[in-house]
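>>> For reference, the sequence and a predicted model appear below.
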Amino acid sequence: NAGVTQTPKFQVLKTGQSMTLQCAQDMNHNSMYWYRQDPGMGLRLIYYSASEGTTDKGEVPNGYNVSRLNKREFSLRLESAAPSQTSVYFCASSKVGTGRSNQPQHFGDGTRLSIL
Amino acid sequence: QQPVQSPQAVILREGEDAVINCSSSKALYSVHWYRQKHGEAPVFLMILLKGGEQKGHEKISASFNEKKQQSSLYLTASQLSYSGTYFCGTVQTGANNLFFGTGTRLTVIP
């Protein structure tokens, strides 16, 4: 079982470049999430998609856009990368939304992004 | 809205016990616990829903006191494989998402 697959695993960008991080899950989950993880900060939610066709902002959405392409795929786009966006990005999915449910989130292996 | 975890780091010898605490300033619906090994994805351990339940997973268990807005993770007879960073994630009453703490780094040495 693949679970949650993220591509690429590593990426180096120059300031101002754009790129899209891809995420796909094969567990037939309805909800998907994008987090960033910085040293000493834990995981912070960027955007989430409670179900296909919906997206909402999380704690730190500035500088990012997302697309829920279909039930399986949820992409994160950096339109104009900045050094402050250097981080490890994790995609996660859950059967239904985390609020008022007992469903865990399943994480991908992460994308390590450096912006010079 | 981010929960506070304590301690930030702990070193144990194999066979020793540890407690990791997670507290929130907001009313909570549930608490999630995850473990992350270096360079890997966080892995789900358990969820506690309000009701004061205690759950177990191998020799790892947890409790949730919704009145105090606190949860504790108990690791007994620690093994080398328990090393990693433990995160609590809290779901506030009426909210949709997890807020993660900054983590507790646990190191188990022989």
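Cool, got the structure.

>>> Let me see the ranges of the helices in chain A.
In chain A, no helices are found when defined by DSSP state H.

>>> And the pLDDT for the residue nearest the centre of it?
Geometric centre of chain A, nearest residue: A:W34, 2.4 Å, by CA atoms, centre = their mean. On the pLDDT scale, A:W34 is placed at 97.

>>> Return the distance of it relative to B:H32.
Per CB to CB, to the nearest Å, A:W34 is found 17 Å from B:H32. C-beta: built from backbone N, CA, C; applies to glycine.

>>> circling back to that earlier point, look up how far A:L21 lies from the residue nearest to the centre of chain A.
8 Å.

>>> With B:P110 instead?
39 Å.

>>> Of these two, which one has the most company?
A:L21 (23 against 5; other CB atoms under 10 Å in any protein chain shown).

>>> check contacts around the more buried one.
By CB atoms under 8 Å, 6 or more residues apart in numbering or on different chains, the contact set of A:L21 is A:Q6, A:T7, A:P8, A:W34, A:S75, A:L76, A:R77, A:L78, A:Y89, A:C91, A:T111, A:L113.

>>> which residues does the first one bridge with?
If I follow you right, that is A:Q6. Beta-bridge pairing for A:Q6 (DSSP bridges): A:C23.

>>> could you pull out the strands for chain A?
Taking DSSP state E to define them, one finds strands in chain A at A:4-7, A:10-13, A:19-25, A:31-38, A:42-49, A:56-57, A:64-68, A:74-78, A:87-94, A:106-107, A:111-115.

>>> now those strands as TSV including distance to B:Q79?
Output for the strands of chain A, formatted as TSV (distance: least, CB to CB, whole Å):
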stretch	distance to B:Q79
strand A:4-7	27
strand A:10-13	31
strand A:19-25	30
strand A:31-38	25
strand A:42-49	25
strand A:56-57	40
strand A:64-68	39
strand A:74-78	35
strand A:87-94	26
strand A:106-107	23
strand A:111-115	29
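
>>> Of all the ones you listed, which one is nearest B:Q70?
With CB to CB, the closest approach to B:Q70 among the strands of chain A belongs to strand A:42-49: 17.3 Å.
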